[in-house]
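Engineer: only geometry, no sequence info:
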C-alpha cells in the first residue's frame, strides 16, 4: 500500500500512521458533554466505500493528511493536508 | 441422526450411503417470531439457544452467503477466558464453560483442545500487569499460573531465551485455554438449530429493516419480505451497514486483521503462545499447520485482505521469539473484517428501536465468544432482560463513560486498539 | 531412467547426492525429481491422510506429491518440492511423512481404513469420553498428520529482505513475458522480469517446437542476450512473485543459495522482495490439470506436460512403457515426443471422438482411462473404456495425463478479483481489472498458442507503457506454433475405486459427493468440509476439477456452483524470509543513552524502557537488586544521587500561541506560568482519560520545553502535531522533538546543590533557583539548562547539556556525587523514591485512569476547554464507584506486598464480586523500612486508615495492609523545597 504525501511524494505505507475517520476535524466547540460529543467521539458512518480518514506521514515530514479512499478496494483518490482541510472548515 | 464412532464405522462398511444433510435448505416463510440477521457463529449459536433454552423455534437465520462464512470461518481459532475487567471477566468465563460441554451438547466434534495458553512477558512491569490479570481470572473462578522464565522454558523449550530483543521474564499460563476447529463450531450450531426446527436460510441478503412507529416489524430480503416481532443483528464486520438500515450509527469502525497458516508440519508447538511485545500469537492445528496472527493492519477496511507491512511484522515477531519456525512456509494469508469499538469490547444490547437487538463490536476476539454470545443474546431477545454475564455490554457505556472495558489500556476511543 | 543423448543439460557436471540415505548420482542443476527419476526412484512422497506412496506429478512449484526434506541438523528444511530443489554435490534429501522410510511406510496402514476416514469423519466421532480428546485422540491425529518436520532448533541460516522499484514488472518469462520485457526494455522503461525457474523461457524450454524458425530454446537465448545488454532491464531468476498488494506493490521470493553446493557465507538462503511497480504484466502461464480416475495417484501417473519437460530438458522418463490419456491436443504432442524418444507408447487414449492420430501409436478415440492399477512402486497396468463400451487393460509403467489447462490466475485473485468462467476453454480466466495496473497476458489469460502468447506479451507491454506516457515501437512478433486449443472437458471418469482430486490432502471424488449429500453444497462448505484445496499446493492442481464434480453432484453448472479464488502467497514463503532481519535482536531498534557504556562499566543490569535501556541498579560487591536499591535510595535521601533521565521525551514548543496551545493540550494552565518557571502537567486523551504527564518549563514568552514519559514520547508528539495541524491550524506554534539532542541527568538529594555548585560555571546560587525554576547555565563554557524539579521528593535538579557531552557529564556528575557520599542510582531506587512520594508512572496511568482517579479531577473541571475536558465530565469518569489512587502499608511490618494483587475488605472471600481494587507498584521503603505500595481502591480517598487484604493468588500471598494517602513520605514537601 502506498500513499502520495502532498509534501514528499509517493511513499510506502510503512511511513504513515493512522488515526481514523476525518470527522475528528469537526471537534465540537462546547465544553460540556453532549450527544454531539458522543457522536463525535464514538459513532461512525463507517462506510463500505469511499471514506475520508486521517493519516500522518509520521516517518517523513510529520504532516497530518486527509486521505480520500475506498475501504473496499483500497483505491486512493485524494490526499490533502489536514491543516488545509481544517482551515477550510474555519477552524481556529 | 446421532453421530458416533460406531455410526462412522457402520457407514464406512456400507459405502457411506446413510449420511443425511446436516441441515435443511428451507425457503423463507412470510413471518417468524424472531429473525436473526447473520448466519455466522454468533447468529447460529443465538438461534440454537433460542430454541434450546427458551423453546422459541419459529426463528429464521438469514445469511447473505453461506453459513459460517464470516469471521467464524477466518480466525486463528483461539479459545480462552483470560480477561480481567469486570464485564469481560464473567462473560468469557461463562463462554469457556459452554465450550467445555459443547461437543456433547451438539453431538459434533468441534475439536475443542484445551492445550493451554501462555502469554509471555518481558519486564517487571508487564509481570505485574499479568499478575493483576491472572488474579482476576482466579477471582472469577478460572485458572491462571504465573510462570517464571524457567517455567516457560519447561513448556516452550524452543523459544529463543538467549539472543532476543525482548528477553523472556516469564508467562501467564492459562491451562484451560486452547483452540477449536473454527468451521465446525458454526456447523455444529447450525445442525443443532436446524434439528430444533429453526430455518437456516442461505443466500438471503437483508436489504432493509422495516420500522413502524419506532418498532421493528420485519425485514426486506433478496428472497422477499419477512415479518418478525423481534430482529437480532449479528453481522460482525457489516454491523454498521445493517444498523444503518434502521437509521442507526454505531460506535464501530471496521478494520482488517490478517492471519496466516503454514504448510503441514509434524507436531512442533503444543500450546497457544502469545507474544504481546510483538503482537504475535501462534498455535498448531491438528492438521499440522502453524496458525498465527498479529495486530490490525490499522486502517479502516472492508477488503478482508491485508498488506505486506503487517504481514512482515508478524513474521519478524515470530523470528525473534521462536526462530525454529523460520523454515516453516506460509501457505495462505487472509484477512477478516473486525468490528472495532472504541474500548475494544463488544456490544450485546437492545437498539434504540423497539424490537431490534444488537450483537456486534467483537473486535478481534469474537471466536471464543461464540457460545457465550449466542447464549446471552438469546436470553436478551427471549426475555428482554440482560443475561448477567453479558449485562455490561451496553451500547450506552460510551455516552455515559460508565463501565468502559478497555482491556488494553490504550484508550476508549477509536483506533487505539 | 535417463535417455542417452537426451536433455538440454546433457553436458552438466555429474554430482553425488543422497536420498533417504542412499548415495545417488545426478546432473548438477537439474531438479531433484529428475535425478531421482533418472535413478529409477518412483516413490518420492507420502500423502497426508492415507500415507499413499506418491511419485512426482508435475515439473514445477505446484507439485503436490514429491515433497521432501532437505538437509539435516538445525537448518533442515521440510516440504521442499523435489521439482524445484536443484541437485548439487552433497545435497541430502529425505522422504517425509513416513516411517521408517518413504519407500516403506508403516503408517500406510491408514489406507486400509479409508472407508471410515472419509470427508469430515472426525466431526462425528472422538467425542467420548471428553478428556480423551487432548490425551489420546488429538495427539494420535497430530502425529499422523503434518508432512515434514521442523528441526526444532533455531534457524541457523541467513535470510534477507529488499525493496525494488520499476516502471514495469513482468511476472513470468515464458513467451508472453519475454516479449513483454523485450518490448518495454527496447522502449527504455525500467523493467524487472521475474521468473520462478532456474532459467527464463517457461514452456519454450520444455517443448520440441520452433520460434522464428529456430529451436525455441535458441530463440530464448537470443532474447535473453538482448535483455542482458539493456541496463534498464533486470532479469531475476529463481524469483517467484508471491502476492499482489495495493498501489502496485508485489511480494517476491528469490531462492538465492539453496542450489549451491557451498554458498558464500554472505549469501542469504532466500531474499524476500517488496517490488513497487508502476505497471505489471502477468505472464504466469497455465497449469495442466489432472483427470480424476481410480488410482490416478499412483507413482508413474504424471501430467503430460511435465513428462515432456523431464524428457526435453533433463532427458529422463519415469518408465519404459507409457499410456497417454488426454482430452486435448497435448495428448498427441506427448505421444509423439515419447515415441520419438524411443519410449514404448502402448496407447494414446483421447476422450475426444474426433481426436487426431499419432503415427505409430495405437490411438483410442472417444475412450477414457478408468483406472491405474499397480503396487507400492506405482502403475503397472492401465484400464480403458473404449468408445464402444468395451474395457481393455494394458501393461504400462507410465501414464501421462492431460485434462487441459488452467490459466494461472492466482495473482489476479489477491485483491478480491473473482475469476470468470470461460466456456470455450472450460477454465477460469482473470476478471477484468482485477488488480489495478496489472495486465494478464498469454496463457494466464487463456491464450494457449505460442504465437498467441508472444503477441499478447508485446501488446500488454505496449499498453502498460502507453499508460505511463511512453511510446513503445511495435515489436515484430516472431513466427511460432499457433494451433487452436481443441478441448473436450473431462474432469472425472466414472468407475469403481477411489479417484483423487486433491492428491496431497487425499480428497477423492467420493468425498466431494459425500459433502454434497450432507448439504455442504456451497463451494466454501465443500472445501472446508473435505479440506479440498487446503494442502500445500492450495488447490492449484485440483480446485477447478473439484468444483466441476460438485457442480455435477448438485445438478448445477460450474458458474452457478461458484468460482475459485486464491490468496497470497502464490508459493509457500518461509517465515524466515518474510521475517528476515528480526531473528535475535533485530526485531526492534535498541536505543542507548549517552551514559550507557558508563552504566554497563559500573556493572548495572540494563532494563528496557520504551526501546531505551536504563540501568536497573549499580551493584556494589555481591549486592542483590533489593540491597542495591535500598542503598541507592538511602544515598539520595541522605546525600546525593545521579540518574540519567534523558529517555524522557522532550518537545520544544515555540511561537506566539505556544502558551495557548499548551493550555489546550494539557488539563492544567500554562499561560500563567512565568518565564523561568516549571509546572507539572497532566495530559488527557480526548476520551477524558489520562494520556501522559510531565513537566513543562517556560524559557521565554514564546518558548517552552515540555517533557513526556519515556514510553509515551512518540505517541504524545504525534498527538500534539495532530492538535496543532488538525484542530488549531491557524495558531502560531511550532513543535519539534529534542529528546535525542539533550542529555539530561537528575541530581537529587540534600547535597545536590553542593554538587552542582562545584560544576556549573560561576557556581550555583540556591536562592536564584527556587523549587520549580529553570534557566540556562553553562558548564565549562558549554551552554546547557538547569531545572529545579524533583521526582524523588528530595531537593533536586535536572541538568541538560547537548547530547555529545552526555557521556562526559555523567562521569563528572557520578564522580562528584561519590566524593559527597553519593553516586549514581538506577531505576529501582528511582521507583522506590517515587512510590514513597506517591508520584505516578505508567503503572498507575495505565490508560484507564481518569484525572479524578488520581485526585486531579478538580483541576480539569475548573479549566476552560482543553483536550479531554468534555469527555472527562461524563458521569462514569468520576464518583465513589471508581477505583482511586491510594497508598498501602503492610499491617505486619516488613510483609512483602506484590503488584498485581487484588484488594478485598477484611473477611471477604477473594472472588470477583468482592473485588475492591488492585496494587500497581510495590517498592522497598527506606523511610519506613519494609515495603510500600501504590494502588487503586474503590472510593479509596474516603477510606484512608482502613485495613484491607491484598490477595495474590498467583504468588500465594495474603497481606493485611492499611490504606494510606498516596504521598506517604514528607507529605508537606519540605524536603524537595530544600
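Structural biologist: That came through fine. Small disclaimer: the values here were computed from a predicted structure and weren't measured.

Engineer: which strands and helices sit next to the longest helix along chain C?
Structural biologist: Once chain C is assigned using DSSP state H, the helix that runs over the most residues is helix C:450-467. When contacts are defined as 3 or more CB pairs under 8 Å, 6 or more residues apart in numbering or on different chains; DSSP states H and E, helix C:450-467 packs onto strand C:159-171, helix C:175-186, strand C:270-282, strand C:438-440. For the C-beta atoms, the positions are set from N, CA and C on the backbone; glycine is no exception.

Engineer: same thing but 6 Å
Structural biologist: Helix C:450-467 makes packing contacts with helix C:175-186, strand C:270-282 when contacts are defined by 3 or more CB pairs under 6 Å, 6 or more residues apart in numbering or on different chains; DSSP states H and E.

Engineer: ok, then the element right after the first one?
Structural biologist: Using DSSP states H and E, the next helix or strand after helix C:175-186 towards the C-terminus is strand C:191-194.

Engineer: re the thing from before, possible to save the helices and strands packed on helix C:450-467 as TSV with mean neighbour count, mean pLDDT and distance to chain A?
Structural biologist: Putting the helices and strands packed on helix C:450-467 into TSV (neighbours: other CB atoms under 10 Å in any protein chain shown; pLDDT from 0 to 100; distance: least, CB to the nearest CB, whole Å) gives the following:
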stretch	mean neighbour count	mean pLDDT	distance to chain A
helix C:175-186	30	98	21
strand C:270-282	24	98	7
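
Engineer: From residue A:24, how far out is the residue located most distally from the centre of chain A?
Structural biologist: Note on chain A: the largest C-alpha distance from the chain mean falls to residue A:32, namely 24.8 Å (CA atoms, centre = their mean). Counting by CB to CB, to the nearest Å, the gap from residue A:32 to residue A:24 is 19 Å.

Engineer: try residue C:63
Structural biologist: Taken as CB to CB, the span from residue C:63 to residue A:24 is 52 Å.

Engineer: Run through the residues of chain A sitting next to chain C.
Structural biologist: Proximity of chain A to chain C, by CB under 6 Å from any CB of the partner chain, involves residues A:1-2, A:25, A:27, A:31, A:33, A:37, A:56, A:62, A:64, A:74, A:82-83, A:86-87, A:91-92.

Engineer: What parts of the stretch 1-150 of chain C come near chain B?
Structural biologist: So far as CB under 6 Å from any CB goes, the stretch 1-150 of chain C lies against chain B at C:77, C:79, C:115-116, C:118, C:121, C:123-127, C:134, C:138, C:141-142, C:145-147, C:149-150.

Engineer: contacting residues for the residue lying closest to residue B:114 once chain neighbours are set aside?
Structural biologist: Among residues not flanking residue B:114 along the chain, residue B:178 sits closest, at 4.2 Å (CB to CB, 6 or more residues apart in numbering or on different chains). By CB atoms under 6 Å, 6 or more residues apart in numbering or on different chains, the contact list for residue B:178 reads B:79, B:113, B:114, B:115.

Engineer: Just the buried ones from those residues?
Structural biologist: B:79, B:113, B:114, B:115 (16 or more other CB atoms under 10 Å in any protein chain shown).

Engineer: Secondary structure and pLDDT for the residues you listed - can I get that in JSON lines?
Structural biologist: What follows is those, written out as JSON lines (DSSP: H, G, I helix; E, B strand; the rest coil; pLDDT from 0 to 100):
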{"residue": "B:79", "secondary structure": "strand", "pLDDT": "98"}
{"residue": "B:113", "secondary structure": "strand", "pLDDT": "97"}
{"residue": "B:114", "secondary structure": "coil", "pLDDT": "97"}
{"residue": "B:115", "secondary structure": "coil", "pLDDT": "97"}
